[in-house]
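1. Turn this into a model:
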Amino acid sequence: MKIGIEHIAIFAKDTKALSDWYKDLFDGEVVYDNGKGTYFIAFADKSMIEFCKASTENVPTELSVAGIRHIAISVDDFEVLVDRVKKTGAEIITDAVVNDKGVGTMFFRDPEGNILHLISRKTPLV
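-> Coordinates of the predicted model:
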């Protein structure tokens with residue numbers, strides 16, 4: 001039996017603007033638009049993020065608060081993506097670093113305050 005995570009959903013006040021931000025930053029593709037504010041953005045590895053209309057504003061939280069807290073985005077060219085993120089004006093939570101094993105990480109917020117984790121591993125965990 002094959003089991004995997006097809007997509008995660010982000011509820012947002014402005015789904016068009018937020019889905020465009022993800023699409024542009026991570027070279028995604030709109031694969032679904034229901035014409036009512038729901039979008040699916042797909043990425044090169046076939047993973048997707050769904051953007052749905054929220055009825056309230058997001059209340060950004062801290063990185064270490066209990067619950068689902070961030071989305072990790074795997075990239076093969078860490079420095080290029082770090083530069084792209086910075087150019088968007090995103091709030092940087094932790095600066096980009098590469099550890100002694102070659103793992104690059106950086107935490108930042110999308111335009112609606114959701115936490116993203118940029119990660120690059122020389123050797124994938126799986």
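
2. Not counting its neighbours along the chain, what's nearest residue 49?
-> In space, and not counting its chain neighbours, residue 49 is closest to residue 41: 5.3 Å by CB to CB, 6 or more residues apart in numbering. C-betas here are computed from N, CA, C, even on glycine.

3. Mind listing the residues bridging to the one you found?
-> Counting by DSSP bridges, residue 41 forms beta bridges with residue 30, residue 49.

4. all strands in this structure, in order from the N-terminus.
-> Using DSSP state E, the strands of the chain run over residues 7-12, 29-33, 39-42, 48-53, 71-74, 92-98, 104-109, 115-120.

5. Number of residues surrounding residue 88?
-> The local packing of residue 88 (other CB atoms under 10 Å) involves 13 other residues.

6. Quick check: phi and psi on residue 99?
-> Here is the backbone geometry of residue 99 (degrees, to the nearest 10): phi -80, psi -180.

7. who's in contact with it?
-> Residue 99 sits next to residue 105 when contact means CB atoms under 8 Å, 6 or more residues apart in numbering.

8. Would you mind giving the domain segments of the chain?
-> Taking automatic domain parsing as the reference, the chain has its domains at 1-55, 69-126.

9. Tell me which of those domains approaches residue 62 most closely.
-> domain 69-126 (8.4 Å; CB to CB).

10. same question for that closest one, mean pLDDT?
-> For domain 69-126, the mean pLDDT works out to 96.

11. got the buried residues for stretch 79-86?
-> Of the residues in stretch 79-86, those buried by neighbour count under the rule 16 or more other CB atoms under 10 Å are 81-82, 84-85.

12. What's the local residue count around residue 26?
-> Neighbours of residue 26 using other CB under 10 Å come to 18.

13. actually residue 47, sorry about that
-> 17.

14. which residues sit in contact with it?
-> 5-7.
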